[in-house]
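*Asks:* My questions concern the predicted model and sequence given below.
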There are 2 protein chains.
Amino acid sequence: MSGLADYPRNMGGLAAVIDALAVRYGNRFSTSAALRDQHGHTTTSLLNQPPDGVMFATSTEEVSDVVALCAEYRVPVIPFGTGTSLEGHVNAPQGGISLDLSRMDRVLEINPSDLDCTVEPGVTRKRLNETLRDTGLFFPVDPGADASIGGMVATRASGTNAVRYGTMKDLVLALTVVTADGRIVHTGSRAKKSSTGYDLTRLFVGSEGTLGVVTGVTLKLFGIPEEIAGGVCSFPTVEAACDAVIMTIQTGIPVARIELLDELQVRACNAYSKLSLPEMPTLFVEFHGTAAGVAEQAEIFGVIATENGAEPFVWATRPEERTRLWQARHDAHWASTAMMSGRKGISTDVCVPISRLAECVAETQRDIVETGLTVPIVGHVGDGNFHCLVFANPADPAESAKADAFVERLAWRALDMGGTCSGEHGVGQGKMKFLQREHGAGLDLMRSVKRALDPNNIMNPGKIFAL
Amino acid sequence: MSGLADYPRNMGGLAAVIDALAVRYGNRFSTSAALRDQHGHTTTSLLNQPPDGVMFATSTEEVSDVVALCAEYRVPVIPFGTGTSLEGHVNAPQGGISLDLSRMDRVLEINPSDLDCTVEPGVTRKRLNETLRDTGLFFPVDPGADASIGGMVATRASGTNAVRYGTMKDLVLALTVVTADGRIVHTGSRAKKSSTGYDLTRLFVGSEGTLGVVTGVTLKLFGIPEEIAGGVCSFPTVEAACDAVIMTIQTGIPVARIELLDELQVRACNAYSKLSLPEMPTLFVEFHGTAAGVAEQAEIFGVIATENGAEPFVWATRPEERTRLWQARHDAHWASTAMMSGRKGISTDVCVPISRLAECVAETQRDIVETGLTVPIVGHVGDGNFHCLVFANPADPAESAKADAFVERLAWRALDMGGTCSGEHGVGQGKMKFLQREHGAGLDLMRSVKRALDPNNIMNPGKIFAL
């Protein structure tokens, strides 16, 4: 149980909770080492910190029961969806119970006339869209992984479509939440807007399980566009590509996706996904709308790209070509990993005002050259958001230190440019050190809210805020 | 000082604060009865409850100083913008200091490349748009009144354009806030998205001055559309009009405005704004986009309207015709008031899932007929949101009671249909009684947040929550 030694644990409380859960829930509660390890895993360079037990909940009432029990004994509760978070969100630095919500995976209600649906938190985004397909509707938020909707609420997820459709902040209408004392609370409603009191829905979106457990989610949906078109476009430099993005957004083209891959990332994708794109900074672009609307958007974008020195736009006219391109984009992480012979990279993201995007990416590229690390860049650049996948040999302490220092410099650079240290991955354990600088006195307000809603600090302790 | 007698006041603290403010700020602080009355006014049937003094602040630092002083003596602080709120938000039920922010009226920064701007809270929405005009940008939120941006943040305002561009919840990027102890806090950033901690920005949006004073606002802006077109369309019934709205939204037409006026409201507008519309339920519609895009949207809408039994769509092709129509829409409140020979109506609003809109409006119309009151209906129906202006003779207690009972029934009706008791006016004092039913245990969570951020209950006490 690496990494746990430093933290005090409530051994008496833990024993009582473990006994009670075993009695109440039988084999839906487990203390097996393999399960615990799997539930404390991280996809980062952070150490694994497994929980003391894993509970598979199947209803809001069960979640309420488990949380109330943990509250009674002051035992930490760590909500768990698919475990794809990137900043150590599911680690258990004080031990406690991992509350696995993956079996709460029912799509409860689809309301085509209101363009909304209500799901349990364990439904993954891909399964939701499969379920929706026959209704002609879709849910656009697509973080790379097939994350659970509950986890996406917790980290305020976004992805390639956010530039057009918004992030989880914009697309969650209502939540069912179990609070730190086991109460079941419904926030929001299916009405499209309301002015009645504090926005509890958005207080829970992005709270990373530190204020309660999300057990139900009502989401806005969209009609599948009549026409989808897109393609790729190479640029001489990342600055030129970023400038094209900035002009596209300023012109008000309702681009559905506009993604940057730098030279290195294109090389990795060519090899992994069997593409033959020029190894140059490249934009992947997609337009949604009516046939005429899409044609018009594409034409205006073409002019902007050419003005910024782009090679001719390569259209993916057939759906299967388009799918292949976007699959390659979504596989960028695995392409880079393959390029590095399976070595695990540190995935980090920042977001800046779009006017600073070209400058931020260019400075980051210079930093990469100076540092000598291998770091492909890929980004949801329409939002000013980009990702670095930082490769360092974990067996080489000097290289690991270099990688950590690079990740730190990237965060400070984004903050210096009026941005944020994470556009979509969240804070977890990995980005805590940047929050004082990013939020100043706001961090104290957040702490006040945390203390008010979770006075005994049992909800995912040690995330967002230091222990 | 009507309505104040029932509430205990901190007379010693008030005296100390009044003395200190007079010394520190000279004639920018006043206890004149006329000013106090003006600052405690309401536009509803609620009694006026004037504050004990009015402070005209000119900077965030001054606001911090005033709030810290009031905190020291536990004296209420009531933030004041333009006084156009509709549910008694600026009343001072416990007395205290009205903090008038109208002199903090500078547009601090416009960033055309990021499509954002930062303003002081006293800037009104019309002045902001006048200032923006030369940049080709605009800010779309338009509650009827020329409200201050700070007040619009406080009540989570929206209006006719919200169906396309969103409400204040969606369009505030960052805030400067003075908290209940006088601390200056910056929330959010100019980055388009972030996943770093609790969403303090949206916690303050809609908090009605009960958590702190907004002293700076960073807003998203939009490019003025290349083409704007619109017109009006009469329907045989409100149900038919609502059905056309529902189909328009479901079809995904990015309609910029779609407003319902019922027969009575059309009659009032015809008389007041010298129009000659058929006295039938009418939709005012506007499309924004490129020339081709607008033409396409209008064509699809025309088909939907005809399918729902509409009279032929009447286009307002010339800008001045369009302006005249929308001015009439914005003057609907005054048109109704004029129709009632200057009598003041009670303005109330609710919002329901759009699938329940036709039913909710129709039931409300039946209720109006049964009650025998005069109540024009007008609504931002693309959001499922509509307003009733309820006319009753305040000198006739029976009629006033009838009006109050109608407003109550309307709120319960919306809640029964899965909606909210206010889509955009807010809670203030007028809608407090509905919150337990609307939010249940969520209301306790809101109270916990309030206690955490304002432990002495000095920030606009007696609003949202009972005293």
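*Replies:* Cool, got the structure.
*Asks:* going forward, measure contacts between C-alpha atoms and count neighbours the same way
*Replies:* Will do.
*Asks:* Stretch A:430-441 close to chain B?
*Replies:* Yes: counting by C-alpha under 8 Å from any C-alpha of the partner chain, chain B has neighbours in stretch A:430-441: A:Leu435, A:His439, A:Gly440, A:Ala441.
*Asks:* so after the lowest-mean-pLDDT helix or strand in chain A, what's the next helix or strand?
*Replies:* Least confident element among the helices and strands of chain A, by mean pLDDT, DSSP states H and E: strand A:314-315 (a mean of 86). Sequence-wise, the next helix or strand downstream of strand A:314-315 (DSSP states H and E) is helix A:319-330.
*Asks:* pLDDT of the next helix or strand after that next one, averaged?
*Replies:* For helix A:319-330, the following helix or strand on the C-terminal side (DSSP H and E) is helix A:332-339. The pLDDT scores in helix A:332-339 average 94.
*Asks:* Can you name the residues in contact with helix A:332-339?
*Replies:* Outside helix A:332-339, the residues that touch it by C-alpha atoms under 8 Å, 6 or more residues apart in numbering or on different chains are A:Gln265, A:Ala268, A:Cys269, A:Ala271, A:Tyr272, A:Ser273, A:Arg343, A:Lys344, A:Gly345, A:Pro376, A:Val378, A:Leu389.
*Asks:* switch the cut-off to 6 Å
*Replies:* Helix A:332-339 is contacted by residues A:Ala268, A:Cys269, A:Tyr272, A:Arg343 when judged by C-alpha atoms under 6 Å, 6 or more residues apart in numbering or on different chains.
*Asks:* Kindly report the same for stretch A:67-81.
*Replies:* A:13, A:96-102, A:122, A:148, A:151, A:181-182, A:458-460.
*Asks:* Most widely separated two among these?
*Replies:* The distance between the two most remote of the contacts of stretch A:67-81 (C-alpha to C-alpha) is 29.8 Å, for A:Gly13 and A:Ser148.
*Asks:* So which of those two has more stuff around it?
*Replies:* A:Ser148 (26 against 19; other C-alpha atoms under 10 Å in any protein chain shown).
*Asks:* Quick check: phi and psi at the residue nearest to that one when sequence neighbours are not counted.
*Replies:* Spatial nearest neighbour of A:Ser148, excluding adjacent residues (C-alpha to C-alpha, 6 or more residues apart in numbering or on different chains): A:Thr124 at 4.0 Å. When read as degrees, to the nearest 10, the backbone of A:Thr124 gives phi -90, psi 160.
*Asks:* pretty sure A:Thr124 is touching A:Ala147, no?
*Replies:* Yes: proximity of A:Thr124 to A:Ala147 meets the contact threshold set by C-alpha atoms under 6 Å, at 5.4 Å.
*Asks:* Would you quantify the distance from A:Ile224 to B:Trp315?
*Replies:* 30 Å (C-alpha to C-alpha, to the nearest Å).
*Asks:* cool, A:Gly212 as well?
*Replies:* 52 Å.
*Asks:* Run through the bridge partners of A:Trp315.
*Replies:* A:Gly231 (DSSP bridges).
*Asks:* can I assume it is in contact with A:Gly231?
*Replies:* Yes: under the criterion of C-alpha under 6 Å, A:Trp315 makes contact with A:Gly231 at 4.4 Å.
*Asks:* of these two, who's got more company?
*Replies:* A:Gly231 (20 against 16).
*Asks:* Give me the pLDDT for that one.
*Replies:* 91.
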